[in-house]
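**Q** Please find the sequence and the predicted model below.
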Amino acid sequence: MSVNSTGGWRDRLAVIGDECGYTWQEQVANTRSLGLSGIELRSIAGRSLGELPQPDVEAMARGIADAGLTVVALDSPVAAGRIDGTTLAEDLATAERWLELACRLDSPSVRVMSYAQGALPQDAWHAEAVRRLLALSELAARYGRRLLHENCVGWGGRDGASARRLMHEAGGEHLGFLMDTGNGVWYGYDSVAMAEAILPHIRHVHIKDAEPRADGAEPCLPGLGSGRVADTLATVLRAWPDMTLSLEPHLLVQPHLGITCEEGRALRESVDACVRSLEALLDTADSPLR
């Protein structure tokens, strides 16, 4: 099915590539066959994009351009681990590789997080996370790119107050906020409350949904879980009508758990099901986006 038959939010809907295909060729072909015009890149054939040999990057860049796709963002692992597990120099080196890729792939943004606590006390964790994100955003500025802090792992991803404070202390032109509609189900906060708290800083959105479980959450089709997807999108899009949206189904792929899928057809079908569910959710008569 095609999502471009009507306008509005569909025209800005992208998908995280490794949730739509395994190889880059599958990711590109499946994204196009679903009628999407944008792709967000994270891994290729089970390998982090940042580890891809340069000849493979060049071939992929040509393939994406030939398909007429826009690369809306790159999802890096920067600041996704323990804050005492890497040095700032190591983080800057990793970020530089991803920023180089963003330039080559003509992507405006690179996703980062704000570090798991590790063994540091709360105050030291906070201070060091801010220090490193300021340094990382300075690096992004030199490349003419923007980092996107996701409401996921890290000091600034725990709740709305932490996210707002982080953006106040480190945010700016080269560090914005990536709002994920489903992560609150895992972390125990309301998605709409998070979006409202951080609204001036949101520059990109991930769409997923889930139901809480004793050991975390179980991903599901958008609108069938507890992520308040329609209400969260309404909150964001009323303030930012041109916001880019990326589907992150997590139905067959969950990188944080090491869950992958190599079946391109199954991945395409999972994204297609998410698109259909999202359309049903947002096109109902009482939808806040109708």
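**A** Perfect, thanks for sending it.

**Q** how long is stretch 37-47 end to end?
**A** Distance between the two ends of stretch 37-47: 23 Å, counting by CA to CA, to the nearest Å.

**Q** hmm, who's touching it?
**A** Residues from elsewhere that reach stretch 37-47 (CB atoms under 8 Å, 6 or more residues apart in numbering): 4, 11-18, 20, 22-24, 27-28, 31, 48-49, 52, 56, 60, 64, 68-75, 105, 107, 244, 246, 255, 260, 262. Bear in mind the C-beta positions are built from the backbone N, C-alpha and C, glycine included.

**Q** Out of the residues you listed, which sit inside strands?
**A** 13, 14, 15, 16, 48, 70, 71, 72, 73, 74, 75, 246 (DSSP state E).

**Q** Not counting sequence-adjacent ones, nearest residue to the first one?
**A** In other words, residue 13. Sequence neighbours aside, residue 245 is the residue nearest to residue 13 in space, at 5.3 Å (criterion: CB to CB, 6 or more residues apart in numbering).

**Q** Over to residue 76?
**A** Among residues not flanking residue 76 along the chain, residue 98 sits closest, at 4.2 Å (CB to CB, 6+ apart).

**Q** quick one: the one you found and residue 109 touch, right?
**A** No - counting by CB atoms under 8 Å, residue 98 stays clear of residue 109, with 10.3 Å between them.

**Q** Find residues that contact each of those two.
**A** Residues touching both residue 98 and residue 109 (CB under 8 Å, 6+ apart): residue 74.

**Q** any idea how far residue 69 is from residue 27?
**A** Residue 69 sits 9 Å away from residue 27, going by CB to CB, to the nearest Å.

**Q** The two - which one has more neighbours?
**A** Neighbour totals were compared for residue 69 and residue 27, and residue 27 leads with 32 against 19 (other CB atoms under 10 Å).

**Q** on that earlier part again, ok, so of the ones in strands among the contacts of stretch 37-47, who is nearest residue 85?
**A** Residue 85 lies nearest to residue 48 out of the ones in strands among the contacts of stretch 37-47, by CB to CB, at 16.4 Å.

**Q** Neighbours of the nearest residue to the closest one once chain neighbours are set aside, how many?
**A** Nearest residue to residue 48 in three dimensions, chain neighbours excluded: residue 77, at 6.7 Å (CB to CB, 6+ apart). When neighbours are counted by other CB under 10 Å, residue 77 registers 20.

**Q** again with residue 171
**A** 24.

**Q** how about it, phi and psi?
**A** Per-residue torsions, residue 171: phi -70, psi 170 (degrees, to the nearest 10).
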